[in-house]
Every structure is written in C-alpha cells, then in structure tokens.
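> Any chance you could fold what I've pasted below:
(one chain, ligands or ions: 1)
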Amino acid sequence: METEKNSEELLRGQAEIWQHMFSFANSMALKCAVELRIADIIHSHGGAPITLSQIASCIDDSPSPDIPYLARIMRLLVRKNIFTVHHPLSDSSSSESTLYGLTHVSRWLLHGSDLSLAPMILMENHPWAVAPWHCFSTCVKEGGTSAFEKAHGRDVWDFASQNPEFNNMFNDGMACTARIITRAILTGYKDGFGCIGSLVDVGGGTGTMAAEIVKSHPHIKTTNFDLPHVIATAPLIDGVCHVGGDMFKEIPSADTVFMKVTLCLLIRNP
Ligand SMILES: C[S@@+](CC[C@H](N)C(=O)[O-])C[C@H]1O[C@@H](n2cnc3c(N)ncnc32)[C@H](O)[C@@H]1O
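Coordinates of the predicted model:
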C-alpha cells in the first residue's frame, strides 16, 4: 500500500518536473504572438473572432505561412487563456471554421495601444535578456557580479550604451510599463502633485513618465534625467527638459526627486 502511494507520488513528481522543464514554452509562445501581431490582426477585424486562415493572411512578410504550425501555437495560447477558441460548426474537428478571439489578456499584446505590454514582452524574451537567466549557477559558484554581467561581460547599462538595438528595445520596454504605472500613480496620488513646483525623474528612460506627469500637471517644471545614451534617443516632449548624466555624480536640482524602477519612490527635498 505504502509502495503504491510512493510510486504515485513519484510519478506526480516526474510530471511536475516535465512541466517545469518546458515552462519557457509559455513565454516563447507569447513572444511569438507578439511578433506575429496576432492580437492586432484579430483587433483589426473589429475584434470579432476570426479563422486561422484570416490570421495567417495578415501576417507580415510571410507569403505562405504554415497554418498547421500556427494552429499548434494557438492551441497553447488558448490553453493559457490568451485567446479564445470557438467551434461554430458542431464538428469541432473542422479546423477551417474554428474562430479565435481576444481575451482580456491578449488586449495587453496590442501594438501601439496606450496600455500595451508588447514592447516589454519582446525585450524580456530576447536572447540578450534571456542569457543572464542561464547564469544562476555561475552566480552562485562565483558570486561577485550580476547574472547580466556573467552573460555579457559588462553591466546592462554599459551593454545598452554599446548596442543601439538593445538600447532601443530596453527603453521601449520600460516606456510601455511606465505609461501604465504612471496613470495608476496619477490617479491614486492625485493630490500629491498639486504642490510640486519642479520634479526630476531620475533614471526616467526616454521620458514617458515625465510626459504623463506634465500632461496632467502642466504647472510642474519637469526634467527627465538618464544616462547620455538613453537621453540621446529620447523624443522631444512638450514641457519636459531632458538631461543626460550619471546619477551617482550629480542630478539636476528640483524640489521633488522621482525614481521608479519596479516600485516608485517620491522623495521631497526639504
Ligand atoms: C529599470 S530602468 C527604469 C526606467 C524608468 N524609470 C521606468 O520605470 O520605466 C532604470 C533606468 O535607470 C537608468 N540608469 C541606470 N544607471 C544610471 C545612472 N548612473 N544615472 C542615471 N540613470 C541611470 C537606466 O538607463 C534606465 O533607463
């Protein structure tokens, strides 16, 4: 009896290992959906569910997409609740009539939407960004530096300064989350900004956060401060002054210092 229970547990353990082993498949399928712009394609058809052939016919730079391959990826994405599937005919095996639609999850994959995580998904799943995740054991064995440095031989900011493609991808990823988070901050902390005269966003990337602040509080003299290679790619933003530099040396003066990474710090100067 005991042995039977043990072997069942062991089998369950093995199943869990297989799940962990291939859990990266979820991120890769998500990345594929963003690269192929599947959510955008469905959205451009009015958001109503469409067939695989309709999706395939709108995929950029692919005169003859592999529909069975696409079907397999969609099956995984449907399973993960990223898209819906409908079988309008009673014969659910007829893949030609099967319709795929958007969910509240896939709406975050729309390119160009104000609330989109598409640039972040592309950045975080790029081989450059994934490489450090392969270095956990090296970090434990050797210690010393970050996983990014183990993978790329220099820190992420230095790497970005030497690699314009990574720099743009990283900054775009940051900008899309900044847009989402700033709106939540501005809504939740409505009264906090009224009394601010000047503000500097330290490590503000290409200025998305600063732009949102100035849009809703035009009276604030706003500076976006980041490393020179980031500021060099920042767009002109009405009411925002971009300054390049190193925060460990000096930051532009303002009565409020704003810092956001994954969490946000608002420090009022006395
Ligand atoms: C994780 S990103 C956050 C970007 C932005 N605040 C946001 O939340 O979307 C950190 C930012 O800090 C900047 N940074 C890193 N070291 C810096 C330094 N020494 N001086 C100024 N900015 C720096 C990076 O270039 C990057 O834009």
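
> how far away is residue 54 from residue 32?
According to C-beta to C-beta, to the nearest Å, residue 54 and residue 32 sit 18 Å apart. Where you see a C-beta, it was placed from the backbone N, CA and C, and this is true even at glycine.

> any idea of the mean pLDDT for the stretch of helix or strand residue 20 belongs to?
Using DSSP states H and E, residue 20 sits in helix 2-21. Averaged across helix 2-21, the pLDDT comes to 92.

> Between residue 54 and residue 32, which is the more surrounded one?
Neighbours of residue 54 and residue 32, each counted by other C-beta atoms under 10 Å, are more numerous for residue 32; the result is 17 against 14.

> Please identify the helix or strand for that one.
Assigning secondary structure by DSSP H and E places residue 32 in helix 24-35.

> buried set for that helix?
29, 30, 31, 32, 33, 34 (16 or more other C-beta atoms under 10 Å).

> Just the residues contacting that helix, thanks.
39, 73, 76-77, 80, 82-83, 106, 109, 111, 118, 121-122, 124-125 (C-beta atoms under 8 Å, 6 or more residues apart in numbering).

> Would you mind writing the ChimeraX command to select the buried ones in those?
Selection of the buried residues among the contacts of helix 24-35 in ChimeraX, burial being defined by 16+ other C-beta under 10 Å:
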select :39,73,76,77,82,83,106,109,118,121,122,124,125
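
> Now intersect the contacts of helix 24-35 with the strands, please.
residue 83 (DSSP state E).

> out of the contacts of helix 24-35, who's nearest the ligand?
residue 124 (11.9 Å; C-beta to the nearest ligand atom).

> quick one on the thing from earlier: could you dump the buried residues of helix 24-35 to CSV with distance to the ligand and pLDDT?
As requested, the buried residues of helix 24-35 are exported to CSV (distance: C-beta to the nearest ligand atom, whole Å; pLDDT from 0 to 100):
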residue, distance to the ligand, pLDDT
29, 26, 98
30, 20, 98
31, 20, 98
32, 25, 98
33, 23, 98
34, 19, 98
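
> of all those residues, which comes closest to residue 60?
Nearest to residue 60 among the buried residues of helix 24-35: residue 34, at 12.5 Å, using C-beta to C-beta.

> what's near enough to touch the residue in the stretch 1-150 of the chain positioned nearest to the ligand?
Closest residue of the stretch 1-150 of the chain to the ligand, C-beta to the nearest ligand atom: residue 120 (9.7 Å). By C-beta under 8 Å, 6+ apart, the contact list for residue 120 reads 173, 174, 176, 177.

> which parts of the protein sit against the ligand?
157, 174, 177-178, 203-205, 226-227, 230, 246-248, 260-261 (C-beta under 6 Å from any ligand atom).

> Let's see which of these end up in helices.
Per DSSP state H, helices hold the following members of these: 157, 174, 177, 178, 230.

> Pretty sure residue 177 sits against residue 117.
Yes: with contact defined as C-beta atoms under 8 Å, residue 177 reaches residue 117; the gap is 7.2 Å.

> helix/strand/coil for the nearest residue to residue 97 once chain neighbours are set aside?
Distances taken as C-beta to C-beta, 6 or more residues apart in numbering place residue 89 nearest to residue 97, at 4.9 Å, with adjacent residues excluded. Secondary structure for residue 89, judged by DSSP: H, G, I helix; E, B strand; the rest coil, is coil.
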